[in-house]
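>>> Take a look and give me a structure for this.
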Amino acid sequence: QVQLVESGGGLVQAGGSLRLSCAASRRTFSSDAMGWFRQAPGKEREFVAALRWSGGTANYADFVGGRFLMFRDNAKNTVYLQMNSLKPEDTAVYYCAAGRVPTGRDERWDYWGQGTQVTVSS
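Numbers count the residues shown, from 1 in each chain. Below is the predicted model of the structure:
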């Protein structure tokens with residue numbers, strides 16, 4: 001089992017920045033991938049970004065448009081999502097996930113955090 005705990009959400013004005021954190025209880029071969037998803041009210045959960053603990057760069061959803069950066073600190077078992085130039089449409093609950101492969105398909109992820117609310121005001 002892998003427990004994930006997100007933090008860092010909050011209220012920010014459009015154009016502002018937030019950094020989300022996701023601390024994993026442990027890293028395993030079957031949870032080498034870490035991802036961020038989000039779900040806005042009335043919408044389906046969507047992929048944001050993902051990477052591997054074992055190396056390589058993150059991949060992002062098209063809507064990110066260079067505004068977000070996902071990175072990891074292996075020593076702390078923590079991944080981060082730095083979000084810049086935030087827009088009101090970025091308002092959502094952001095979830096951290098762990099799984100075997102860094103896919104955009106949420107059904108392929110095995111472990112999920114409880115989510116953290118991000119609200120961007122106009």
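>>> tell me which element V118 falls in.
strand 116-121 (DSSP states H and E).
>>> can you tell me how far the residue nearest in space to the middle of the chain sits from V48?
Nearest to the centroid of the C-alpha atoms of the chain, with distances taken as Cα atoms, centre = their mean, sits W36, at 2.3 Å. Shown here: W36 relative to V48, a distance of 4 Å by Cβ to Cβ, to the nearest Å. C-betas here are computed from N, CA, C, even on glycine.
>>> Give the residues shared as contacts by these two.
M70, L81, Y94 (Cβ atoms under 8 Å, 6 or more residues apart in numbering).
>>> still on that earlier bit, assign a three-state SS to the residue nearest to the centre of the chain, would you?
Of the three states, W36 takes strand according to DSSP: H, G, I helix; E, B strand; the rest coil.
>>> For beta bridges, what are the partners of it?
A49, C96 (DSSP bridges).
>>> List the residues that contact L69.
With contacts defined as Cβ under 8 Å, 6+ apart, L69 is in contact with A58, L81, Q82, N84.
>>> what's the nearest residue to the third one if we skip its chain neighbours?
The spatially closest residue to Q82, leaving aside those adjacent along the chain, is L69, at 4.4 Å (Cβ to Cβ, 6 or more residues apart in numbering).
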